[in-house]
Structures are given as structure tokens and as C-alpha cells.
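J.: Only the shape, not the letters, is given here:
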């Protein structure tokens with residue numbers, strides 16, 4: 001995610017849950033928002049058939065874009081810069 005937000009925020013964002021404090025509160029899911037789970041982070045890139053499409057790294061040992069459940073998400077954040 002550090003490479004997806006414009007300016008690299010640094011190694012303190014190597015832990016997924018650190019992203020719960022990045023940027024500003026998005027108030028919920030929407031296209032372009034960062035979604036944070038306790039041990040995973042991704043970017044919502046779309047919505048299809050009522051499911052959110054999320055791009056994230058280390059998803060099955062690869063960067064993948066796929067429908068994901070947002071259950072258990074601890075934060076939805078707007079990035080400081082467009083990405």
C-alpha cells in the first residue's frame with residue numbers, strides 16, 4: 001500500500017493496522033478508499049454485483065484485485081493524496 005498513496009509514508013506503515021490512522025476517516029466504504037483489517041490492507045477499486053472489489057498485496061502471495069468481504073474491517077480511510 002505504501003507505493004499506492006503518492007508519497008511513501010514510511011516503514012511505520014508496514015503493519016496493516018497502522019493504516020487505520022493514515023489520512024482521514026472515510027466514514028465507510030467507497031471506491032478509492034483504503035480498507036483496513038487487523039492484518040490486511042487494501043484499496044477499494046470498484047463495486048460489482050453488490051460486492052466491493054479490492055486491490056491488495058500479499059493476497060495469496062501476490063498483488064490481486066478481487067471481490068472481498070469487508071467484514072471485520074477496522075477502518076476506512078481517505079488517502080492524503082490521490083492514488
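T.: Ah, there it is. Since the structure is predicted, the reported quantities are computational estimates derived from the model, not experimental observations. Residues are numbered from 1 along each chain as shown.

J.: check which helix or strand covers residue 29.
T.: Assessed by DSSP states H and E, residue 29 sits outside every helix and strand.

J.: Does it touch residue 76 like I think?
T.: Yes: assessed by CB atoms under 8 Å, residue 29 is found in contact with residue 76 at 5.5 Å. For every residue, glycine as well, the C-beta is placed using N, CA and C.

J.: Find residues that contact each of these two.
T.: Common neighbours of residue 29 and residue 76 are listed as residue 35 (criterion: CB atoms under 8 Å, 6 or more residues apart in numbering).

J.: which of the two has more neighbours?
T.: Shown here are residue 29 and residue 76; by other CB atoms under 10 Å, residue 76 has more neighbours (19 against 14).

J.: do you know how far the more buried one is from residue 62?
T.: Relative to residue 62, residue 76 is positioned 24 Å away (CB to CB, to the nearest Å).

J.: Kindly report the same for residue 40.
T.: Counting by CB to CB, the gap from residue 40 to residue 62 is 14 Å.

J.: what mean pLDDT does stretch 38-52 have?
T.: Stretch 38-52 shows a mean pLDDT of 94 in the predicted model.

J.: How about it, which residues are buried there?
T.: Residues of stretch 38-52 classed as buried: 40, 41, 42, 43, 44, 52 (neighbour count, 16 or more other CB atoms under 10 Å).

J.: and residue 19, what does it touch?
T.: Shown in contact with residue 19 (CB under 8 Å, 6+ apart): 1, 13, 34, 36, 41, 75, 77.

J.: and it, that's in a helix?
T.: Yes: under DSSP: H, G, I helix; E, B strand; the rest coil, residue 19 falls within a helix.

J.: Show the pLDDT at it.
T.: Confidence score, pLDDT, at residue 19: 96.

J.: separation between the most far-flung residue of the chain relative to its centre and residue 67?
T.: Centroid-distance maximum for the chain: residue 49 at 19.9 Å, with CA atoms, centre = their mean. To residue 67, residue 49 is 8 Å away according to CB to CB.
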